[in-house]
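Engineer: No letters, just coordinates:
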């Protein structure tokens, strides 16, 4: 197998993006649920353990002992962060749905 196989690199990038979507999407979901929970530490700690386990196992299998695939997977993971941030940004069309937490800071 050639290390720089384009299909292998595309698949590694897509897998990294999927892992990033799970990680950062799960983080967004956890924050939304955790702040309203009577026991937020269980949400945050449990979510961290599950998300990290999924990502580490995913990186292990995607990398397959090849640093090039691992690097492309990491790039896809990082790009997923920006996609999740864009998808979960507060809506400015309906200002009543945003929280006023930022306005009370000194």
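Structural biologist: That came through fine. Keep in mind that this is a model prediction, so the values were computed, not measured.
Engineer: Could you use CA atoms for every contact and neighbour count after this?
Structural biologist: Will do.
Engineer: Which of the three states applies to the spatially most central residue of the chain?
Structural biologist: Centroid-nearest residue in the chain, with C-alpha atoms, centre = their mean: residue 24, separated by 2.3 Å. Of the three states, residue 24 takes helix under DSSP: H, G, I helix; E, B strand; the rest coil.
Engineer: thought it was touching residue 83?
Structural biologist: No. Look at residue 24 against residue 83 with C-alpha atoms under 8 Å: they stay out of range, at 9.4 Å.
Engineer: Going along the chain, name the helices of this protein.
Structural biologist: With helices called from DSSP state H, the chain shows them at 6-34, 40-63, 67-87.
Engineer: CSV for those, including mean pLDDT?
Structural biologist: What follows is the helices of the chain, written out as CSV (pLDDT from 0 to 100):
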stretch, mean pLDDT
helix 6-34, 94
helix 40-63, 95
helix 67-87, 94
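Engineer: that older thread, residue 14 versus the residue nearest to the centre of the chain, what's the distance?
Structural biologist: Using C-alpha to C-alpha, to the nearest Å, one gets 15 Å for the distance from residue 24 to residue 14.
Engineer: can you pull the contacts of the residue nearest to the centre of the chain?
Structural biologist: The contact partners of residue 24, by C-alpha atoms under 8 Å, 6 or more residues apart in numbering, come to 80, 81, 84.
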